[in-house]
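Student: From the sequence below, what's the structure:
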Amino acid sequence: MEDILSKLPQLEEDMSQEVRKIRQISVKIEARNNIEKVDTLGSLILKEQRATIPGIKTTDLHKGKMKVIFTINISGEFISGIFFNDDIIITDYNSKKIVSHDPNGQKKRELKIVDKPTDITKVNDKTIAVSSYPHTIFEINVETMTLLKTLTVGVNVWGLCFTGDEYITAQGNTISWLNSETDAKLKCCNTGSKNTPFVTCYKSTKYIYTNGNNSIRQESTTENSFDYKSETLIDPFSQAIDYDGNVYAFGRKSKNIHQLTSTGELVRIIPLADIDNTLNDQPWVMRFQNDSNRFLLTFHTSGNVRVCEIE
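Tutor: Sure, this is the predicted structure:
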């Protein structure tokens, strides 16, 4: 019985993840006011929404309150991090370390590297890649915390993503695509901003970056691309995407989060003080856990990492 009870929280989470994939489709017939042709009476409008099942916990990402679950104490600046399987991997810029933590934020292992890490991305279920300004990418085995390979690339790097078999890097006003095996530059684009430190990728179909002091841009091969601009969003260096495709622009100087739909429509603006009134530093990185309402926040100079969730 104890064994069954201990597995219930994980079972609930697994069921909740499956429910997120279910959609309810409703059909609306919209008639025209003036019918001129018999073969064109109106139009059908399909509306898709997330299904709810009694007894199964679901999260309203557009209305749920954001709150801090726990804090990982790391001192220093330019901290980045990701959720990796069940763990949390943090880059310690000042100490030149990569540090893994369990799901509760307890330290597990660390690896010292020769340069200061600036960003981190998942390559596969065993490997992460870590960027180091100006020209280095380290590939690391997470389980053993050992260095697998060091790439010296021909472009400037700060932010880093991995999708397909390509690295996507960001620094200055340029985003670059690199072959992950040969580190050859495949293409690059100008962002239109003087400072684009990060690029956020969603699968291999879209990527998001800051293209101005008050704006971000989403490029997509499967959906409409869009620009979002707001005077209340200042230095949106980091962006995030949740499991429903919502986009989050993280304003460094405005100290807020602008939550957008997948098509770029503003849902709400969340001041950091609404998440935790002790958050006074400028935010740096926001990253969601895959298929989860949980995310992490790092800060420009204070170092401490907040692991949060949307209730």
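
Student: Work out for me the element the spatially most central residue of the chain sits within.
Tutor: The C-alpha lying nearest the average C-alpha coordinate of the chain belongs to Ala240 (C-alpha atoms, centre = their mean; 3.1 Å). Assigned by DSSP states H and E, Ala240 belongs to strand 238-241.

Student: the helices in the chain, which residues?
Tutor: With DSSP state H as the criterion, the chain has helices at 2-20, 272-275.

Student: ok, for Arg252, nearest residue in space, not its chain neighbours?
Tutor: In this structure, Arg252 finds its nearest non-sequential neighbour in Asp235, 3.9 Å apart by C-beta to C-beta, 6 or more residues apart in numbering. In this view, the C-beta of every residue, glycine as well, is placed from N, C-alpha and C.

Student: Give me the distance between the strand holding Ala240 and the centre of its chain.
Tutor: 4 Å (C-alpha atoms, centre = their mean, to the nearest Å).

Student: Counting by contacts, list what it packs against.
Tutor: Secondary-structure packing of strand 238-241 (3 or more C-beta pairs under 8 Å, 6 or more residues apart in numbering; DSSP states H and E): strand 200-202, strand 206-212, strand 247-251, strand 283-288.

Student: So which of those is nearest Glu110?
Tutor: strand 283-288 (18.9 Å; C-beta to C-beta).

Student: Can you give the contact residues for the closest one?
Tutor: Strand 283-288 is contacted by residues 78-83, 119, 198, 237-243, 248, 250-252, 255, 257, 272, 294-300 when judged by C-beta atoms under 8 Å, 6 or more residues apart in numbering.

Student: next one: stretch 167-182
Tutor: Residues contacting stretch 167-182 (C-beta under 8 Å, 6+ apart): 121, 123, 129, 131, 133-134, 137, 153, 155-162, 165-166, 183-199, 201, 207, 209.

Student: these two touch, right, the residue nearest to Arg252 and Lys255?
Tutor: No: counting by C-beta atoms under 8 Å, Asp235 does not reach Lys255; the two are 10.0 Å apart.

Student: Quick check: which ranges of the stretch 1-150 of the chain have low pLDDT?
Tutor: Of all residues in the stretch 1-150 of the chain, those with pLDDT under 70 make up the ranges 1-57.

Student: Now Ser262. Its backbone dihedrals?
Tutor: In terms of degrees, to the nearest 10, the main-chain angles of Ser262 are phi -70, psi -10.

Student: what about the nearest residue to it once chain neighbours are set aside, neighbour count?
Tutor: Leaving aside its chain neighbours, Ser262 sits nearest to Gly245 (3.6 Å; criterion: C-beta to C-beta, 6+ apart). Counted with other C-beta atoms under 10 Å, residues neighbouring Gly245 total 14.

Student: do you know how far Gly245 is from Ser220?
Tutor: 10 Å (C-beta to C-beta, to the nearest Å).

Student: wait, Ser262 sits on Asp242?
Tutor: No: in this structure, Ser262 is not within contact of Asp242 by C-beta under 8 Å, at 9.7 Å.

Student: Which one of the two is surrounded by more residues?
Tutor: Neighbours were counted for Ser262 and for Asp242 using other C-beta under 10 Å; Asp242 has more, 22 against 18.

Student: so who does that one touch?
Tutor: Contacts of Asp242 by C-beta under 8 Å, 6+ apart are Leu61, Tyr248, Phe288, Asn293, Phe295.

Student: Export the residues you listed to JSON lines and append columns for neighbour count.
Tutor: Shown next, in JSON lines, are those (neighbours: other C-beta atoms under 10 Å):
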{"residue": "Leu61", "neighbour count": "18"}
{"residue": "Tyr248", "neighbour count": "24"}
{"residue": "Phe288", "neighbour count": "21"}
{"residue": "Asn293", "neighbour count": "22"}
{"residue": "Phe295", "neighbour count": "21"}
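
Student: biggest separation within those residues, which pair?
Tutor: Tyr248 and Asn293 (12.3 Å).
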